[in-house]
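Undergrad: Could you look at this predicted model? Sequence included:
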Amino acid sequence: MSIFSTEALKGKHVLITGATGGIGYETAKVLVEMGAWVTITGRNKEKLEQLKKELLQAASNEQVFIQQADLAKQEDRENLVAQAENKFGFIYGLVNSAGIGGGNVVEELDEETLDRVMELNFKYTFLLTQRVYRKMLEKKEGSIVNLASLSGLRGTHGGTAYAASKFAVVGWTQSMALEAIEHGIRVNAVCPGYVDTEMAWNSIRRRAEKNGISFEEGMKQAASEIPSGRLSTPEEVANSIAFLLTDASGNIVGESLKISGGSVMR
């Protein structure tokens, strides 16, 4: 549920990638409650259709547009932006939530995995953003929020590929923000620690197996390592993203907002 007024993003068009699950899914829900016109995209059309049905139960009118897209394909990226603009007009907000986990210890990390993680988490996200940003430059307004990670601020054992991709997202966010603010456009990132989503579950499951304990024990161990004693919820991250899209964060530029229950303090 959104913690913001239903007027906070009324009439603003926001494009959300990776909206078929996890943080992107919850962000779509929050933004619709805030009155935004929302375009959601992902590779699984069935999940997109289901999300649209759920969103429109809470929406007062036709606020949601779905467009299936594989961001690895230039044609899909171009078509996504064109179809979104055709439906709701100028894209004021972009939430780059699409991404994957994965990786291995350095000596066992293969080139294929490295390429896949770097391309999906950084390269294709950058190329889509570039296309949307060019339109923002014409209007001299807009807000971009990139989903990075706590792993984009510090290294993780066995997570070289993922951490490298998220460090790239943070560096790109900071550099682009300096250029974009000259044109009235803000660029920021959110950096969650463990979030109660499938991606975190998979990471915790792998670590549990390595340590010879059950998944349930692994979850308890992960929570115990967080000063707050629990994983963040997707909704908490979604509300942070929503804040960065609103005028309430009008002078927040190039930041990497940590959402970690205090994990960064340890």
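TA: Everything's here; your move. Numbers count the residues shown, from 1 in each chain.
Undergrad: When you work out contacts or count neighbours from here on, use the C-alpha atoms and nothing else.
TA: Will do.
Undergrad: Quick check: buried residues in whatever helix or strand K47 lives in?
TA: Element membership for K47, per DSSP states H and E: helix 45-58. With burial defined by 16 or more other Cα atoms under 10 Å, the residues of helix 45-58 counted as buried are 47-49, 51-52, 55.
Undergrad: again with stretch 67-81
TA: Neighbour-count burial for stretch 67-81 [16+ other Cα under 10 Å]: 67-72, 76-78, 80-81.
Undergrad: Which of those residues fall in helices?
TA: 76-78, 80-81 (DSSP state H).
Undergrad: In the protein, what residue spans correspond to strands?
TA: 13-16, 37-42, 64-68, 93-96, 142-147, 185-192, 256-259 (DSSP state E).
Undergrad: mind putting the buried residues of helix 45-58 in TSV, distance to I100 and pLDDT included?
TA: Supplementary listing: these in TSV, determined by distance: Cα to Cα, whole Å; pLDDT from 0 to 100:
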residue	distance to I100	pLDDT
K47	17	90
L48	18	92
E49	22	90
L51	20	89
K52	23	88
L55	24	86
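Undergrad: With distance to E111 added, can I get those residues in CSV?
TA: Shown next, in CSV, are the buried residues of helix 45-58 (distance: Cα to Cα, whole Å):
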residue, distance to E111
K47, 31
L48, 31
E49, 35
L51, 35
K52, 37
L55, 39
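Undergrad: I40 and A189, how far apart?
TA: 19 Å (Cα to Cα, to the nearest Å).
Undergrad: meant to ask about T27, not that
TA: From T27 to A189 the distance is 14 Å (Cα to Cα).
Undergrad: A163 now?
TA: From A163 to A189 the distance is 15 Å (Cα to Cα).
Undergrad: that older thread, can you pick out the most distant pair from the ones in helices among the buried residues of stretch 67-81?
TA: Greatest spatial distance in those: D76 and V81, 8.7 Å, computed using Cα to Cα.
Undergrad: Residues that sit against both of the two, list them.
TA: Shared contacts of D76 and V81 (Cα atoms under 8 Å, 6 or more residues apart in numbering): none.
Undergrad: what's the neighbour count on D196?
TA: If you count neighbours by other Cα atoms under 10 Å, D196 ends up with 17.
Undergrad: Quick check: chain neighbours aside, which residue is closest to it?
TA: Leaving aside its sequence neighbours, D196 sits nearest to T233 (Cα to Cα, 6 or more residues apart in numbering; 5.4 Å).
Undergrad: So for that neighbour, what pLDDT did the model give?
TA: For T233, the model assigns a pLDDT of 93.
Undergrad: hmm, who's touching stretch 35-44?
TA: Taking Cα under 8 Å, 6+ apart as the rule, stretch 35-44 contacts 6-20, 28, 31-32, 48, 63-70, 84, 88, 98.
Undergrad: Mind giving me the ChimeraX select for these, buried ones only?
TA: This is how ChimeraX selects the buried members of the contacts of stretch 35-44, with burial counted by 16+ other Cα under 10 Å:
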select :8,9,12,13,14,15,16,17,18,19,20,28,31,32,48,63,64,65,66,67,68,69,70,84,88,98
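Undergrad: who touches the one helix or strand in the chain whose mean pLDDT sits lowest?
TA: Ranked by mean pLDDT, DSSP states H and E, the weakest helix or strand in the chain is helix 198-211, scoring a mean of 81. The set of residues external to helix 198-211 that reach it, using Cα under 8 Å, 6+ apart, is 22, 100-101, 194, 214-215, 217-219, 222.
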